[in-house]
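>>> here's a sequence, model it:
(4 chains)
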Protein chains: 2
Amino acid sequence: MSLAERKRQLVRDELTEAALQLLAFQGFEETTIDQMAAAAGVSRRTFFRYFQSKEDVIIEFLSDLGRQLSDGLSARPAAEPPAVALQQTLRVFTDTFWEHPEKSRRLTKIMVGTPALLARYLERQVTWRATLTTGLAARMSTDPVPDLRPAVLVAVAFAAFDTALTRWAEDDAADLDTLLTACFAAAFPPAS
Amino acid sequence: MSLAERKRQLVRDELTEAALQLLAFQGFEETTIDQMAAAAGVSRRTFFRYFQSKEDVIIEFLSDLGRQLSDGLSARPAAEPPAVALQQTLRVFTDTFWEHPEKSRRLTKIMVGTPALLARYLERQVTWRATLTTGLAARMSTDPVPDLRPAVLVAVAFAAFDTALTRWAEDDAADLDTLLTACFAAAFPPAS
DNA sequence: TCACTAGTGGCACACAGTGTCAACTTCGTC
DNA sequence: GACGAAGTTGACACTGTGTGCCACTAGTGA
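The predicted model follows:
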């Protein structure tokens, strides 16, 4: 990695860390971009050269998850039933979270507890759903336009995931993997 | 309704109608509040006395649906299985839409197609989910905190609903009720 | 006629986000 | 080491959202 790239990464990290520090004891709404930029020692204009919006500082950690998700689904064995394949695909989240457990939880709590951030997350989820739906339709060898099943299955999978994630953010003692398994079991009853 | 109230309603209607007119051939992002206010013949300041945000002009039509949803669920017979009760509860949407079919579809299309509006809708759905979860837990006579099933069932119901709604917005020939039934059938397989 | 109230417009302000430009750093090339 | 291209930055200006405040007006009742 070149010097310029490392410098860029440094500023980026400084910015996110400063943002998290401020958010921790002010809320998200109460923290201004000027404060985050000042705390990181850069100008407001520079902030927007690293992040597209105020929300992006927090949401960024799930930026390239879209590609990972579609890759994950196509990596699952073709014989696997949809519900299992989807559950395993959504493990990219738990895997990513596992790299920085305490930070992930902190971010998730903030995200779930802040309407503006939750909205951005859900907005992004819509695009993930679309890609996974086409992927699932392909492996089910059906056309997602007349056949609603792929879209519904993906939506149900995310419904289970969101429930697990929300609970995980609320309950510090909970384990995300356990919650995920429980939610998928409830969402996809044994018969399916 | 008093004169003052009717006047207020008049301004409100004028404002939403003006907004829809503008949105129809500009986008949502491209339309400013100044334009909407000017088109309705009021000041920008007055706009914010009727709507909390730019999004609210469009999203408003699902404002008191939260209460209707929880009322709807508690009105369902106790013996009814959760999946059926939830599907019937979500009919408040189709019922509401049925009052102004063409307008509802227009609004839904705009909503589904505009990230900012979709985000607001999903944000609101989160609160609906919470209230329906407590309601469903009560009728299942279980505690939603350790028992994840109520939350998951509600989430799955909305997953089915969203899929139906999205498809309905995309396909002009489709019937929302038919789509809803199909999505619920796919989300809650006969075994459950 | 005199308050009282609700609705309104106008003004100022804070903040998010974008375009532009001049200054500066980095890096490869001669 | 000098030089120019390319990338990074700060400063400024500007649009647009959303809010607080105050003065004005119209209707309402005493």
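
>>> how's chain A carved up into domains?
A:1-51, A:53-187 (automatic domain parsing).

>>> hmm, the first one in reach of DNA strand C?
If I follow you right, that is domain A:1-51. Yes. Domain A:1-51 comes into contact with DNA strand C (CB under 7 Å from any atom of the strand), by way of A:2-4, A:7, A:31-34, A:44-45, A:48. Every residue, glycine included, has its C-beta placed from N, CA and C.

>>> residues of stretch A:41-55 that come out buried?
Buried residues in stretch A:41-55, counted by 16 or more other CB atoms under 10 Å in any protein chain shown: A:42, A:47, A:50-51, A:54-55.

>>> is it positioned near DNA strand D?
Yes. Judged by CB under 7 Å from any atom of the strand, stretch A:41-55 and DNA strand D are in contact via A:41-43, A:45-46, A:49-50.

>>> out of those residues, which sit inside helices?
Per DSSP state H, helices hold the following members of the residues of stretch A:41-55 next to DNA strand D: A:45-46, A:49-50.

>>> ok, those residues vs DNA strand C, which is closest?
Of all these, DNA strand C sits closest to A:R45, with 4.9 Å by CB to the nearest atom of the strand.

>>> which residues of chain A lie near DNA strand C?
A:2-4, A:7, A:31-34, A:44-45, A:48, A:52-55.

>>> could you list which of those also contact chain B?
Restricting the residues of chain A next to DNA strand C to those near chain B by CB under 8 Å from any CB of the partner chain leaves nothing, as none qualifies.

>>> from those residues, pick the one nearest B:R129.
Of all those, B:R129 sits closest to A:E55, with 21.3 Å by CB to CB.

>>> how about the contacts made by the closest one?
A:116-117, A:120 (CB atoms under 8 Å, 6 or more residues apart in numbering or on different chains).

>>> can you point out the helix or strand that includes the residue nearest to it when sequence neighbours are not counted?
Leaving aside its chain neighbours, A:E55 sits nearest to A:R120 (4.7 Å; criterion: CB to CB, 6 or more residues apart in numbering or on different chains). In the assignment (DSSP states H and E), A:R120 maps to helix A:115-139.

>>> the very next helix or strand once past that helix vs helix A:115-139, what angle?
Heading C-terminal from helix A:115-139, the first helix or strand you meet, by DSSP H and E, is helix A:149-170. Taking axes from the mean of the first three to the mean of the last three CA atoms, to 10 degrees, one finds helix A:149-170 and helix A:115-139 inclined to each other by 140 degrees.

>>> which parts of helix A:149-170 are buried?
Within helix A:149-170, the residues scored as buried using 16+ other CB under 10 Å are A:149-169.

>>> go on, stretch A:17-31?
A:18-20, A:22-23, A:28, A:31.

>>> so what touches it?
For stretch A:17-31, the external contacting residues (CB under 8 Å, 6+ apart) are A:35-36, A:39-40, A:54, A:57-58, A:106-107, A:110, A:114, A:116-117.

>>> and stretch A:117-125, by the same measure?
Stretch A:117-125 is contacted from outside by A:28, A:55, A:58-59, A:62, A:66, A:110-112, A:158, A:162, B:115, B:118-120, B:122-123, B:126, using CB under 8 Å, 6+ apart.

>>> change it to 10 Å
Stretch A:117-125 has contacts (CB atoms under 10 Å, 6 or more residues apart in numbering or on different chains) with A:23, A:28, A:53-59, A:62-63, A:65-66, A:107-108, A:110-112, A:114, A:132, A:155, A:158, A:161-162, A:165-166, B:115-116, B:118-126.

>>> can you list the residues of chain A near DNA strand D?
Contact residues (CB under 7 Å from any atom of the strand) of chain A with DNA strand D: A:4, A:7-8, A:11, A:41-43, A:45-46, A:49-50.

>>> and with 10 Å instead?
A:2, A:4-5, A:7-8, A:10-12, A:14-15, A:37, A:40-50 (CB under 10 Å from any atom of the strand).

>>> low-confidence regions, chain A specifically.
Within chain A, the stretches with pLDDT under 70 are A:1, A:191-192.

>>> for A:F158, what are its contacts?
A:F158 neighbours (CB under 10 Å, 6+ apart): A:86, A:90, A:122, A:125-126, A:128-129, A:132, A:165, A:187, B:155, B:159, B:162.
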